[in-house]
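Trainee: I would like to see how this sequence folds:
(one chain, ligands or ions: 1)
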Amino acid sequence: MSTHPAPPTDPDQDRAWRERLSPEQYQVTRRSATERPFSGKYWNHQDTGAYRCVCCGAPLFESDTKYDAGCGWPSFTAPAPGARVAEHVDRSHGMVRTEVRCANCEAHLGHVFPDGPGPTGLRYCINSASLDFEARTGEPPAAAPADADSR
Ligand SMILES: [Zn+2]
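Mentor: Next up, the predicted model:
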């Protein structure tokens, strides 16, 4: 009935994405596919750090806004501060949803739904295949107790 609203694709760029990405990463980010719930590597991932665009490396989400929505995909209440996340109306599959893309490279990330917790009330439901996690290391733990000179 309706064709999928994929953005116009430069064949050379498309070939480059195919070569760089895994088949699943390619299908999700460049063809707006959705990974199966509970199948991705980040839906149950709790570490502290940043989630970047798997295509271009742009910072998109932070672990401190990630929460367990029980839906089988990584869920966030908000994009990272200053993250270039673009939202588009998606009328595919007989629904009207808000699609989330990387504003830098147009990678499809997932969708945002108005049923999230917290101050935003939003749930950014993102495919693991669109993300590349970067653990935050080398950051000193906040307010380490200073009891070295108690003698
Ligand atoms: Zn990107």
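Trainee: For the residue nearest the centre of the chain, give the beta-bridge partners.
Mentor: In the chain, the C-alpha nearest the mean C-alpha coordinate belongs to residue 126, at 4.5 Å (Cα atoms, centre = their mean). When assigned by DSSP bridges, residue 126 has beta-bridge partners residue 110.
Trainee: ok, it - contacts?
Mentor: With contacts defined as Cβ atoms under 8 Å, 6 or more residues apart in numbering, the neighbours of residue 126 are 51, 60-61, 73-76, 100, 109-110. (C-beta placed from N, C-alpha, C; glycine too.)
Trainee: Same question for residue 61.
Mentor: 50-51, 74, 76, 79-80, 83, 124, 126, 131.
Trainee: Closest one to residue 12 out of these, please.
Mentor: Of all the contacts of residue 61, residue 12 sits closest to residue 131, with 25.2 Å by Cβ to Cβ.
Trainee: which one is the closest one nearest to, not counting chain neighbours?
Mentor: Among residues not flanking residue 131 along the chain, residue 51 sits closest, at 4.5 Å (Cβ to Cβ, 6 or more residues apart in numbering).
Trainee: Likewise for residue 96?
Mentor: Nearest residue to residue 96, sequence neighbours excluded (Cβ to Cβ, 6+ apart): residue 89, at 6.6 Å.
Trainee: What is the helix or strand hosting the one you found packed up against?
Mentor: In this structure, residue 89 is located in strand 85-90 according to DSSP states H and E. The elements that strand 85-90 packs onto, with contact taken as 3 or more Cβ pairs under 8 Å, 6 or more residues apart in numbering; DSSP states H and E, are strand 97-102, strand 108-113.
Trainee: Which residues of this structure lie near the ion?
Mentor: Residues of the chain lying close to the ion by Cβ under 5 Å from the ion are 53, 55-56, 58, 102, 104-105, 107.
Trainee: and of the helices and strands packed on strand 85-90, who's closest to residue 69?
Mentor: Distances from residue 69 to each of the helices and strands packed on strand 85-90 were compared by Cβ to Cβ, and the smallest falls on strand 108-113, at 9.1 Å.
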